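# Pasting a predicted model and its sequence here:
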Amino acid sequence: MIEIQLGQGAQASSPQTTKADKVDEEFRDIFGLDAGEDAVIASRLDGVESGEDLKHLVSRLKEETGGVPISYKFAASHYLEEEIELAVAAGIDVIVIDGAEAGTHAGQPLLADAFGLPTMHALVRAVDYLEEKGVRDRVSVIASGGLFSPAHFLKAMALGADAVYIGTAAVMAMIHTQMVESSPFEPPTQLVLYSGRLKDELDIDLAAKSLTNYLYSCVAEMVLGVVALGKNALSEVNREDLCALTPHVAEITGVELAYRSKGVAHYSLREQPAGVGTEVPVPH
């Protein structure tokens, strides 16, 4: 799969720059940078100024790769339906919804804390919109942002995701047996960041094995959950397998509440029926 990324949850679509003095020769060769040139992730894709431009880009990528799936990742916002409409019209195969809980070491506090929709809200809206437009069967959905446990993954799939992305969880799984190399004076991320002071101390083979074990264990737990639901496949899990603990979550997701009202009348004093006094009704 090739991904067109127009933003991420904790950074929106803001630009990001890595200064030239932080870039070594290998980095420059990979990204085609000249000596002294900063590495810049722009806030807009060069040459993509309209829906038609996006369509041409998707067509070119499919032609050059022999037809591999093309995904479209963006930071979930209140206008996500409009963004998905453009992506679907362009022939995108996969929609990646990156919620506000997503992590990044480069995001500014303003963007990380005050921009974007939470992953749950965005995922539900995206899936509902694709179903409403009748294209859910040909466009896959990947949920991303703040997901780190098998329970999170399975709930996301029940809400309509075909798969999930993980970032920080994968990094921590990679290095959890090697944190002793950095503690107590350095954070463990110094082992894996490109600019990390301890990156040469990372045992890459051990990190790969640790991540593999984490992923396999996540799948095994999800399978166990599916068995507990009496179902035969992860793909069979849906919203009917969920219940919400609060009315707000029930309304957002469209799943049933975990509790039922005992028939207590709910009305304000201004709306009380005729003949009812001013006493507030007490639940039985």
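Structure received.

# And the residue lying closest to Q16 once chain neighbours are set aside, how close does it get to T17?
Leaving out its chain neighbours, the residue that sits closest to Q16 by Cβ to Cβ, 6 or more residues apart in numbering is I41, at 4.3 Å. Where you see a C-beta, it was placed from the backbone N, CA and C, and this is true even at glycine. If you measure I41 against T17 using Cβ to Cβ, to the nearest Å, the figure is 8 Å.

# Ok, S50 next?
26 Å.

# How many neighbouring residues does the residue nearest to Q16 have?
As a burial measure, I41 scores 13 neighbours (other Cβ atoms under 10 Å).

# Surely it touches Q11?
No - look at I41 against Q11 with Cβ atoms under 8 Å: they stay out of range, at 9.1 Å.

# where does the stretch 151-284 of the chain have low pLDDT?
263-284 (pLDDT under 70).

# Enumerate every residue touching L123.
I97, G99, V141, A143, A156, L159, G160, A161 (Cβ atoms under 8 Å, 6 or more residues apart in numbering).

# Quickly name whichever of the residues you listed is closest to P69.
P69 lies nearest to V141 out of the contacts of L123, by Cβ to Cβ, at 12.6 Å.

# OK, contacts around the residue nearest to Q16?
P15, Q16, T17.

# Tabulate the contacts of L123 in JSON lines, adding columns for secondary structure and neighbour count.
Shown next, in JSON lines, are the contacts of L123 (DSSP: H, G, I helix; E, B strand; the rest coil; neighbours: other Cβ atoms under 10 Å):
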{"residue": "I97", "secondary structure": "strand", "neighbour count": "30"}
{"residue": "G99", "secondary structure": "coil", "neighbour count": "24"}
{"residue": "V141", "secondary structure": "strand", "neighbour count": "22"}
{"residue": "A143", "secondary structure": "strand", "neighbour count": "31"}
{"residue": "A156", "secondary structure": "helix", "neighbour count": "26"}
{"residue": "L159", "secondary structure": "coil", "neighbour count": "24"}
{"residue": "G160", "secondary structure": "coil", "neighbour count": "19"}
{"residue": "A161", "secondary structure": "coil", "neighbour count": "25"}
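
# and the residues you listed, which two are the farthest apart?
When Cβ to Cβ is used, the two most widely separated members of those are G99 and G160, lying 13.8 Å apart.

# burial of the closest residue to L117 other than its chain neighbours, as a residue count?
Setting aside the residues directly before and after it, L117 is nearest to A76 in space (Cβ to Cβ, 6+ apart), at 4.4 Å. Neighbours of A76 under the rule other Cβ under 10 Å: 30.

# ok, now V40?
Residues contacting V40 under the criterion other Cβ under 10 Å number 12.

# Tell me how far it lies from E3.
Look at V40 and E3: by Cβ to Cβ, they are 19 Å apart.

# any idea which element L57 lies in?
Under the criterion of DSSP states H and E, L57 resides in helix 51-65.

# can you check V96 too?
Going by DSSP H and E, V96 is in strand 94-98.

# So in that sheet, which strands flank that strand, and in what orientation?
Here strand 94-98 is paired, per DSSP bridges, with strand 70-75 (parallel), strand 140-144 (parallel).

# Do a quick rundown of the strands in the stretch 151-284 of the chain.
Secondary structure of the stretch 151-284 of the chain by DSSP state E, counting those that start in this stretch: the strands cover 163-164, 243-244, 256-257.

# Nearest to S235 among the contacts of I41?
Closest to S235, out of all of the contacts of I41 and judged by Cβ to Cβ, is Q16, at 36.0 Å.

# circling back: more neighbours: which of S50 and T17?
T17 (12 against 9).

# That one and S43 touch, don't they?
No - the pair T17 / S43 is not scored as a contact, 11.1 Å apart, by Cβ under 8 Å.

# rewinding a little: return the set of buried residues in the strand holding V96.
Buried residues in strand 94-98, counted by 16 or more other Cβ atoms under 10 Å: V94, I95, V96, I97, D98.
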